[in-house]
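Colleague: Sequence first, then the predicted structure, then my questions.
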Amino acid sequence: MRRYWPIALGVLLLGLVIWFALGLARDGDQDRLSDDQLANRADENATSAGQGPDERCAAPATYDLMKRELFRQAANLRGSDSAVFDRLAAYAALRVEAPVVEQQDAGLDMVSCSARVSLDLPPGVAVVGGRRTLTASLSYAVQPAADGSGDVVTLRGADAITIPLATLAKEGGQSSAPTAPQVEPNSVPSDPLAPQPEPSPSPPVTAPPVSRPIEPSPPPAPRPERAETSARPSFNCARARTRGEMAVCRSPSLASLDREMASFYTRSYRNADSGQRSLLEQTRARFLGYRDRCGSDACIADAYRGRITEIRDIMDGRWSARP
């Protein structure tokens, strides 16, 4: 009998090993998720990580993209100072009221929204007329960039902000314009909005003979009033004759508006039918007469903005004769 007890002990030990292995396998199956559970877990993670259309319309990142796009379009209208406009965008504030989802395209991952937008300009700058807050009702679309770098925003109906924003100038001056700060390479200015010193041209000085004392030079003669050529409107400032033309040639901001209006008129006239062309020609003389009767740069700027709106109304069939 004694010779069988080692065999019985071996069988017992083998049974314990098998039971322990089966227990581990059972516990592992209990901890493992089924395929359906894994799919549900993945859906839950995707939902929590993404944003719905309402959140994308009202996301702070979307508002920042909208603000920078407004300044970018204004710099394009102005035709210069894009670096300064980009820098000012960081200091401006955008307020968005009641954003609404208008449409969603799941295939493009795009959502279209609309809202009432107010742009507060940074201290020290204003548009022509002195305004520092620009407001408009506009539409905007948010979708991923083609290169995967993030979302991009497309604006529609932003002219009420971008056109006056293109006339941005230092506050307190009608003809001064924001200029890019002059900095040394690889250096960063402490305040990008700080006014930069303007170089003053100095006349050449002829050194007197050594034997003669230096006499004070007489005061410079007053310059005759004439149209400045520093601004570049759509017409030749050397031929400026009316008060409105001279004012536009003195102001880079007004010259930018003039170029924008002239470009819009040319494109519209090219695509207009005979009736629309007749209206464009009839209203042109009235606009020029109104502009030339203005007594301030603000009045002239409003005349240009009104003319742009008038051209758009003629092309869209919404124009009606005004007294």
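Modeller: In hand now; what should we look at? Numbers count the residues shown, from 1 in each chain.

Colleague: Please enumerate the strands of the stretch 1-150 of the chain.
Modeller: Using DSSP state E, counting those that start in this stretch, the strands of the stretch 1-150 of the chain run over residues 93-105, 110-120, 125-126, 133-144.

Colleague: nearest to A61, of those strands?
Modeller: When the strands of the stretch 1-150 of the chain are compared for distance to A61 using CB to CB, the nearest one is strand 133-144, at 9.3 Å. Backbone N, C-alpha and C define where each C-beta goes, glycine included.

Colleague: In the closest one, which residues are buried?
Modeller: Going by neighbour count (16 or more other CB atoms under 10 Å), the buried part of strand 133-144 is L134, A136, L138, S139, Y140, A141, V142, Q143.

Colleague: Quick one: mean pLDDT over it.
Modeller: Strand 133-144 shows a mean pLDDT of 90 in the predicted model.

Colleague: Check stretch 83-98 too.
Modeller: Mean predicted confidence for stretch 83-98 is 90.

Colleague: Please name the nearest non-neighbouring residue to D54.
Modeller: Once flanking residues are discounted, D54 sits nearest to V101: 5.9 Å by CB to CB, 6 or more residues apart in numbering.

Colleague: Tell me which residues touch that neighbour, please.
Modeller: Each residue near V101 by CB atoms under 8 Å, 6 or more residues apart in numbering is listed here: P53, D54, C57, V111, S112, C113.

Colleague: burial measure for the third one, as a count.
Modeller: Look at C57: counted by other CB atoms under 10 Å, it has 24 neighbours.

Colleague: Pretty sure it sits against Q104.
Modeller: No. Here C57 lies out of contact with Q104, judged by CB atoms under 8 Å, at a distance of 10.0 Å.

Colleague: Give me the common contacts of these two.
Modeller: Taking CB under 8 Å, 6+ apart as the contact criterion, the common neighbours of C57 and Q104 are V111.

Colleague: I'd like to know which of the strands of the stretch 1-150 of the chain is closest to K67.
Modeller: Taking CB to CB as the criterion, strand 93-105 is the member of these that comes nearest to K67, at 4.2 Å.

Colleague: Buried residues in that closest one, which are they?
Modeller: Residues of strand 93-105 classed as buried: L94, V96, P99, V101 (neighbour count, 16+ other CB under 10 Å).

Colleague: Could you work out the most separated pair of those residues?
Modeller: Longest distance between any two of the buried residues of strand 93-105 is 18.7 Å, between L94 and V101; criterion CB to CB.

Colleague: so which strand or helix has Q276?
Modeller: Counting by DSSP states H and E, the element that carries Q276 is helix 274-293.

Colleague: what's the average pLDDT for that helix?
Modeller: Per-residue pLDDT values across helix 274-293 average out to 92.

Colleague: Now do it: which elements does it pack against?
Modeller: helix 243-250, helix 252-271, helix 297-316 (3 or more CB pairs under 8 Å, 6 or more residues apart in numbering; DSSP states H and E).

Colleague: if we can go back for a sec, save the strands of the stretch 1-150 of the chain as JSON lines, and put in distance to I161 too.
Modeller: Supplementary listing: those in JSON lines, determined by distance: least, CB to CB, whole Å:
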{"stretch": "strand 93-105", "distance to I161": "10"}
{"stretch": "strand 110-120", "distance to I161": "6"}
{"stretch": "strand 125-126", "distance to I161": "14"}
{"stretch": "strand 133-144", "distance to I161": "4"}
